[in-house]
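*Asks:* show me how the following folds:
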Amino acid sequence: MSSDRARPQVARAVRVRGIVQGVGFRPFVARLGARLRVRGWVLNDAHGVYVHAEASDSTLDAFVAALREEAPPASAIESIDVTGAPYASCEGFVIRHSDDAGDRTVPISPDLPVCDDCLRELFDPADRRYGYPYITCTNCGPRYSIVTGLPYDRPNTTMWRWKLCKECASEYDDPLDRRYHAQPIACPVCGPHLQLEGAAAVPAHGDAAVVAEAARLLRDGAVVAVKGIGGYHLACDARNAATVRSLRERKFRKEKPFAVMARDMGVVRSVVEIDARYEALLRSPARPIVLVPARETWPDVAPEQSRLGVMLPYSPLHALLFAAGAPDVLVLTSGNRSSEPIAYRDEDARESLLPLADALLSGERPIARRVDDSVATAGPLGPVILRRSRGYAPAAVARLPAAEPILAVGGDLKNAVTLVVDGRAIVSPHIGDLDHLDAAASFEEAISDLLAMYGLAFDDVTIAHDLHPQYRSTLYARGIGKRGMGVQHHRAHIASVLAECNVDPAERVVGVALDGTGYGLDGTIWGGEFFAGSLADGLERVGHFAQARLPGGDAAARSPTHCALGYTLGAGVPPLDKPPFDFPERAMLAAQLLERDIAGHRTTSAGRLFDAAAALCGFTGEVTFEGQAAMWLEHRAEASTIAEAFVVPFDGVVLHTDVLIGTVARARAGGMAVPDVARAFHAGLALGIAEAAVRFANDYGVDVVALSGGVWQNALLCALAVPELQRRGLRVLTNRAVPPNDGGLSLGQAALATYALN
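*Replies:* Okay, the predicted model is just below:
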């Protein structure tokens, strides 16, 4: 390189797009330029990173190649475009101030877990950041949860109010330092600090004392509200049954499982059956909650469940709490009452969480937006995201050739919204169920925040929404959008798979959408649907599960016994008010409504099919959270080793799940053990789906099947159906980047809207 000046010098403009802001990309470019003796400058702008580079042609070729090959681990380069530029005789290589002119299209980095280098400093008594809970560098720490605007610079983060001390400023300005242009950096001298309040807490001053007191409270059986990266958690000792039960009572969470945080991988291995797939998810930069088979039952933490949601520490504060003696397995659940959004503003946390917790451990750094923990698991085709939020959002999940911005608002359950801008489909963090007033407000806040981040107004976007006329999301979209487009619920599910898997829009596929409820085009409730078609030409409904008539309207979704009655009435099954069933009296009253054809609705819902089977197998109470009965049935099936599968007839259009439910009822009445009935139900349904999918694939000349919808979260059904589909020659596609449940619905809406507009 010493002779490079003697070679002809040229200049090039290098545009780098992708997740390249907030991940140490500019410092990396500056160091690379110095190493290769390239002269010029780099800056953030509204589109990503822009580089002006001067050197010989061969050196610039090496420079551009190294940009991609050596990029920081937290970055995600989408494209590098190189064009000629005027030669300016630059000296050295510098980072210039950001340019925020132009339309904003740059992706924002998700929040990152604390890195190993920062952890070493955190526990090094000789380091000036020893024990500092806000330690971070260019390779780790909060990003999306603290960004207030673009481009990503300190003034556009919630750290703007803390002026760097002399030592931090020196690190920030040193190209050779790990904290060079790291926007959230701080230290005990110049940065934010922790505080602890609440009647149970002994007054503590200083970060170390606050952490020690919080750890003592957790050891002594207290519930502590802890401020995390994207919001507050309620924490307690997971092994203290009395405390966990108390937390359930305070949070009004009867039976829904809690997630836990384990101190380290050693503790994780002691509580769950870990393998390489699950460990890779646990250690990934997203650090999600991972559903893993448990080694033992946790009746208070995860009642009637065979899997435990576990995660590793991802913030410096978590590491400090464990080091200070907090129990090695903590319940760490969203800081809210059941169904409410997670609290993330300090004043809201004091009002809503102090009545639920014995103490509140907060910190001075504000959170810009709520970002709940993500949830994932390992499926037969790879990782499956069940709730997409911290660590994943708001990274783009697909490329869509939209000629103009599209906003897709999803559905009313497990809501997340999608914005398509500059060809990128950007999915918001998990918002929640919109039937709660606070969640509906959070939904509107998330939309406003996403549009503002990219400098867009409602008049700039086409709005895609569900067809259900009474969904809050639909009413909102119709209320504010001059350009709106309705998208059928289950078509959106299948489209979400095709979009994220980058399937050619003209390629025809078979889609199998299984969920609990969705507005059908014939006025009934759909949920067990077969489609054929493509993104470009649309998806035609070509088959479905057998239709059932359910009593009580929406009450059927809360009462599995109502579902069982709807499926079995007139089917010649044994009386359900006699052993082995003993349905409660209120359920039998519902049967009278069915006989009179009063207050019911017709549905092909796969979710209600599972509820019916669960009721026949013994789940005769009310469900207290979505999917509870189906999870109970799956748990029972896992105890069986039989190979039997109940037969589910298929007539070319209808998969006769009514016959399947009748078989379940007669098998139970005949004395077949509940685990065996549950297993044969799952196996029979998987075989029936495979037979129907293959028939449709042959009829329409396709060899790809896409599976989506919340019922596909059932691990046993997937484990049985996917290999069967593959054995029959079909290529199987499932959701990987977005959830198969309604958390992925907005992506499918955006995809179908894109091609409809095109």
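*Asks:* now the strands: where do they sit in the stretch 301-450 of the chain?
*Replies:* 307-311, 329-334, 359-363, 375-379, 382-387, 396-399, 406-408, 418-421, 424-427 (DSSP state E, counting those that start in this stretch).
*Asks:* CSV for these, including mean neighbour count?
*Replies:* (Each C-beta comes from the backbone N, C-alpha and C, glycine too.) Converted to CSV, the strands of the stretch 301-450 of the chain look like this (neighbours: other C-beta atoms under 10 Å):
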stretch, mean neighbour count
strand 307-311, 24
strand 329-334, 25
strand 359-363, 23
strand 375-379, 21
strand 382-387, 20
strand 396-399, 22
strand 406-408, 29
strand 418-421, 28
strand 424-427, 26
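*Asks:* please name whichever of these is nearest to Arg35.
*Replies:* When these are compared by C-beta to C-beta, strand 396-399 sits nearest Arg35, at 30.3 Å.
*Asks:* run the chain-centre distance for that closest one.
*Replies:* Distance, stretch centre to chain centre, for strand 396-399: 14 Å (C-alpha atoms, centre = their mean, to the nearest Å).
*Asks:* can you check stretch 322-333 too?
*Replies:* For stretch 322-333 - counting by C-alpha atoms, centre = their mean - the centre lies 24 Å from the chain centre.
*Asks:* follow-up on the earlier one: now the strands of the stretch 301-450 of the chain in JSON lines, with distance to Ala85?
*Replies:* Shown next, in JSON lines, are these (distance: least, C-beta to C-beta, whole Å):
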{"stretch": "strand 307-311", "distance to Ala85": "46"}
{"stretch": "strand 329-334", "distance to Ala85": "49"}
{"stretch": "strand 359-363", "distance to Ala85": "45"}
{"stretch": "strand 375-379", "distance to Ala85": "43"}
{"stretch": "strand 382-387", "distance to Ala85": "41"}
{"stretch": "strand 396-399", "distance to Ala85": "27"}
{"stretch": "strand 406-408", "distance to Ala85": "34"}
{"stretch": "strand 418-421", "distance to Ala85": "27"}
{"stretch": "strand 424-427", "distance to Ala85": "26"}
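*Asks:* indicate which one of those is closest to Leu550.
*Replies:* Proximity to Leu550, assessed across the strands of the stretch 301-450 of the chain by C-beta to C-beta, is greatest for strand 382-387 (26.3 Å).
*Asks:* which neighbouring elements make contact with that closest one?
*Replies:* Contacts of strand 382-387 with other secondary structure elements, assessed using 3 or more C-beta pairs under 8 Å, 6 or more residues apart in numbering; DSSP states H and E, are made with helix 276-283, strand 375-379.
*Asks:* Gly198: which of those is closest?
*Replies:* Gly198 lies closest to strand 375-379 among the helices and strands packed on strand 382-387, at 28.6 Å (C-beta to C-beta).
*Asks:* quick one: mean pLDDT over the closest one.
*Replies:* Per-residue confidence for strand 375-379 averages out to 96 on the pLDDT scale.
*Asks:* if we can go back for a sec, dump the helices and strands packed on strand 382-387 into CSV; add distance to Ser640 as well.
*Replies:* Supplementary listing: those in CSV, determined by distance: least, C-beta to C-beta, whole Å:
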stretch, distance to Ser640
helix 276-283, 23
strand 375-379, 21
